[in-house]
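> Got a sequence here, can you model it:
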Amino acid sequence: MTLHTTVRFFCSVVAAFARLVRELRRAASSSAMSSPVGLIATAPLPLRRKTKLVAALAPPQPSSVVARPAEVCDAVVSGVGAVDQPQQAESKRKKTTAWSARGRPSRLVIPVANDAGELAAGWGAAAAPVKEADVEVEGEGFWLASRAGPRHAMEDAYSVVTHKNGGDSQLAFYGVFDGHGGRAAVDFVSQRLGQNVVSAVLAAGAERRDEASLVVVEDDDAVSAAIRAAYLATDSELLAQHQQGASGGACAATALVTGGDLYVAHLGDCRAVLSRDGGAAAALTADHTCAAEGERARIERGGGFVSRSGSGVWRVQGSLAVSRSFGDAGLKRWVLAEPAVARVPLRAGCEFLIVASDGLWDKVGNQEAVDVVLRSRNAAATSSVARSCAELVDMAQRRGSRDDVTVMVVDLERFVR
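Numbering: from 1, shown residues only. I've put the predicted structure just below:
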C-alpha cells in the first residue's frame with residue numbers, strides 16, 4: 001500500500017468518527033428536550049413565583065371551585081416547555097389568557113373601621129361595651145336629655161333638688177356634671193353637691209336671721225359664700241374618700257334659686273345660658289380652661305405650667321384641659337375646686353336657663369341653643385320643651401361631637417314673683 005493510499009484511508013476514518021460524534025450529540029439533545037425533569041428545571045423564576053403568589057392570595061373558594069389552583073399550575077408548566085414550537089406557543093397563549101380570566105384572585109374587600117383614629121389612640125377597648133340608653137327626663141319645672149358619646153362609657157350626670165327645703169318652697173337646686181378619668185368622681189359629686197349646697201345656704205340663712213339686729217349682710221354675699229363653701233367641702237370629701245389612687249375628676253354647672261334670686265356656680269367647661277326678654281341669650285359662666293389668660297397666669301404663679309398639645313388644646317402640666325374641677329388629686333395644687341358664682345335677680349323677662357355639658361357647647365352656640373328651646377316653648381306644650389333637649393343633643397352629635405352630651409332646661413318663670 002502506497003503512502004497516498006494510507007493517508008486517504010486515515011482521513012476517511014476520521015470523517016466517519018466525526019459523523020458518529022455529531023449523531024450522538026443530536027440524539028442526546030433530542031432526549032433532553034423530551035424530558036419532564038428538563039421542563040420543570042427550565043421554568044422561569046418569575047413565573048414560578050407568580051404561581052406561588054396566586055396560591056397565597058387567592059381567597060378560600062366554595063367546594064365547586066377548589067380545583068382552580070391545579071388548573072393554573074398545569075397551564076403554566078405546559079406553556080414553559082413549548083416556547084420554541086409555534087403550535088404549542090399558541091396553546092400557551094390561549095391557556096395563559098384563560099388563566100388570567102379564571103384564576104385571578106378576587107378583589108380584597110377591606111371594611112373601613114369607624115373611629116379609626118380613636119381606635120389607634122387606645123379607645124377601642126373602652127368603646128366596646130354596650131352604651132347606656134338615651135335618657136330623657138321631665139320633672140317639676142325642668143326637662144333633660146342625655147346621651148353617651150362613642151368614645152367611652154357615659155361620664156355625665158345630673159342632680160335636682162326641688163322639694164320644700166326648710167319650709168322654703170322657692171328653694172331649688174339644679175346641676176349638670178361632666179366627669180373625666182372614670183365615673184367615680186362624677187357619681188360622688190352628683191350625689192353630694194346638691195345636698196351640701198342646700199344645707200349650707202339654709203345654715204347661712206339661719207345665721208343671718210339670728211344676727212339681723214346686729215349686722216347687715218347682703219343676701220347675695222352670704223349665699224354666694226355658702227355655695228363656694230359647699231363646693232370646697234364636696235371636693236374635700238371626694239379627695240378623702242378616693243385618696244387611694246383616684247385620679248379622675250368632674251366639672252359642674254349648677255343653679256340655685258332662693259329668695260327670688262338665681263345663683264349660678266360652675267367649675268370647668270360646663271355652661272349655663274339664660275334666656276330673657278323674648279329669647280336673648282346671656283352666658284352666666286365663663287369656661288375654666290387653660291386658654292383663659294387669667295387661669296394660665298394663676299397656674300404659672302403657683303409653679304405649674306401650661307402647654308399646648310398637638311391638637312391645639314392647652315393643658316395643665318400637659319395633662320388636663322380644664323383649670324378647675326372636683327377631684328384630680330394629682331393636679332390639685334393648680335386645678336382648684338373654688339367655683340365662680342353669679343347672682344341674677346329673677347324679674348319679669350327671665351324665661352328659662354339652659355345648663356349643659358361641654359359636649360353641647362363645643363358644637364352649638366349660646367343663642368342657637370336658646371332659639372331651639374324658644375321655638376318649642378312657643379308650641380305651648382311642655383312635652384315640646386322636652387323634645388327640644390333631645391333636639392339639641394342630636395344637633396351636637398350630627399355636627400361631630402364625640403363627647404357625652406347632657407342638656408337641662410329650667411323654667412324660671414315659675415319662680416318670678
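> low-scoring stretches of the stretch 251-400 of the chain, by residue?
Scanning the stretch 251-400 of the chain for pLDDT under 70 picks out 380-383.
> Going along the chain, name the strands of it.
All strands of the stretch 251-400 of the chain, identified by DSSP state E, counting those that start in this stretch, fall at 261-267, 271-276, 280-283, 306-308, 314-316, 326-327, 340-345, 350-356.
> Rebuild these as JSON lines, extending it with mean neighbour count and distance to A297.
C-beta here means a position set from N, CA and C on the backbone, and glycine is covered the same way. JSON lines is the format used below for the strands of the stretch 251-400 of the chain (neighbours: other CB atoms under 10 Å; distance: least, CB to CB, whole Å):
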{"stretch": "strand 261-267", "mean neighbour count": "24", "distance to A297": "18"}
{"stretch": "strand 271-276", "mean neighbour count": "23", "distance to A297": "22"}
{"stretch": "strand 280-283", "mean neighbour count": "15", "distance to A297": "22"}
{"stretch": "strand 306-308", "mean neighbour count": "14", "distance to A297": "9"}
{"stretch": "strand 314-316", "mean neighbour count": "21", "distance to A297": "12"}
{"stretch": "strand 326-327", "mean neighbour count": "29", "distance to A297": "23"}
{"stretch": "strand 340-345", "mean neighbour count": "17", "distance to A297": "16"}
{"stretch": "strand 350-356", "mean neighbour count": "25", "distance to A297": "28"}
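> so which of those strands gets nearest H152?
Nearest to H152 among the strands of the stretch 251-400 of the chain is strand 326-327 (16.8 Å), distances taken as CB to CB.
> hmm, who's touching the closest one?
With CB atoms under 8 Å, 6 or more residues apart in numbering as the test, strand 326-327 has contacts from 181, 185, 189, 231, 234-235, 238-239, 242, 246-252, 267, 337.
> Can you show me the helices along the stretch 201-350 of the chain?
Using DSSP state H, counting those that start in this stretch, the helices of the stretch 201-350 of the chain run over 219-241, 293-301.
> Tabulate those helices (JSON lines), appending distance to K363 and mean neighbour count.
Shown next, in JSON lines, are the helices of the stretch 201-350 of the chain (distance: least, CB to CB, whole Å; neighbours: other CB atoms under 10 Å):
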{"stretch": "helix 219-241", "distance to K363": "28", "mean neighbour count": "19"}
{"stretch": "helix 293-301", "distance to K363": "23", "mean neighbour count": "14"}
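> can you redo the ones you listed as CSV with distance to L360?
Output for the helices of the stretch 201-350 of the chain, formatted as CSV (distance: least, CB to CB, whole Å):
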stretch, distance to L360
helix 219-241, 22
helix 293-301, 22
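> out of those, which comes closest to D404?
Closest to D404 of these, according to CB to CB: helix 219-241, at 19.7 Å.
> so what does that closest one touch, helix or strand wise?
When contacts are defined as 3 or more CB pairs under 8 Å, 6 or more residues apart in numbering; DSSP states H and E, helix 219-241 packs onto helix 184-210, strand 249-258, strand 261-267, strand 326-327, strand 340-345.
> what's the most buried one of the ones you listed?
For these, the largest average neighbour count (mean count of other CB atoms under 10 Å) is found in strand 326-327, namely a mean of 29.
> quick revisit: is it possible to get TSV of the helices and strands packed on helix 219-241 that adds distance to V416?
Shown next, in TSV, are the helices and strands packed on helix 219-241 (distance: least, CB to CB, whole Å):
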stretch	distance to V416
helix 184-210	20
strand 249-258	10
strand 261-267	10
strand 326-327	32
strand 340-345	10
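> out of those, which comes closest to V393?
In terms of CB to CB, the element of the helices and strands packed on helix 219-241 nearest to V393 is strand 249-258, at 16.3 Å.
> That closest one to strand 350-356, inter-axis angle?
Strand 249-258 runs at 160 degrees relative to strand 350-356, counting by axes from the mean of the first three to the mean of the last three CA atoms, to 10 degrees.
> helices or strands up against strand 249-258?
On a contact count with 3+ CB pairs under 8 Å, 6+ apart, strand 249-258 meets strand 172-180, helix 184-210, helix 219-241, strand 261-267, strand 271-276, strand 326-327, strand 350-356.
> who touches H180 in this structure?
Taking CB under 8 Å, 6+ apart, one finds E155, G248, G249, A250, C251, L320, S325 in contact with H180.
> Which one of the helices and strands packed on strand 249-258 has the poorest average confidence?
Lowest mean pLDDT within those: helix 184-210, a mean of 86.
> give me phi/psi at R347?
Dihedral pair for R347: phi -120, psi 170, per degrees, to the nearest 10.
> Burial check on it, number of neighbours?
R347: 12 surrounding residues under other CB atoms under 10 Å.
> Tell me how far the nearest residue to it once chain neighbours are set aside lies from F352.
Spatial nearest neighbour of R347, excluding adjacent residues (CB to CB, 6 or more residues apart in numbering): V416 at 6.7 Å. Here the distance between V416 and F352 works out to 11 Å (CB to CB, to the nearest Å).
> on that earlier part again, with respect to A390, which of the helices and strands packed on helix 219-241 lies nearest?
Nearest to A390 among those is strand 249-258 (19.5 Å), distances taken as CB to CB.
> closest one to S311 among the helices and strands packed on helix 219-241?
Among the helices and strands packed on helix 219-241, strand 249-258 comes nearest to S311, with 19.0 Å by CB to CB.
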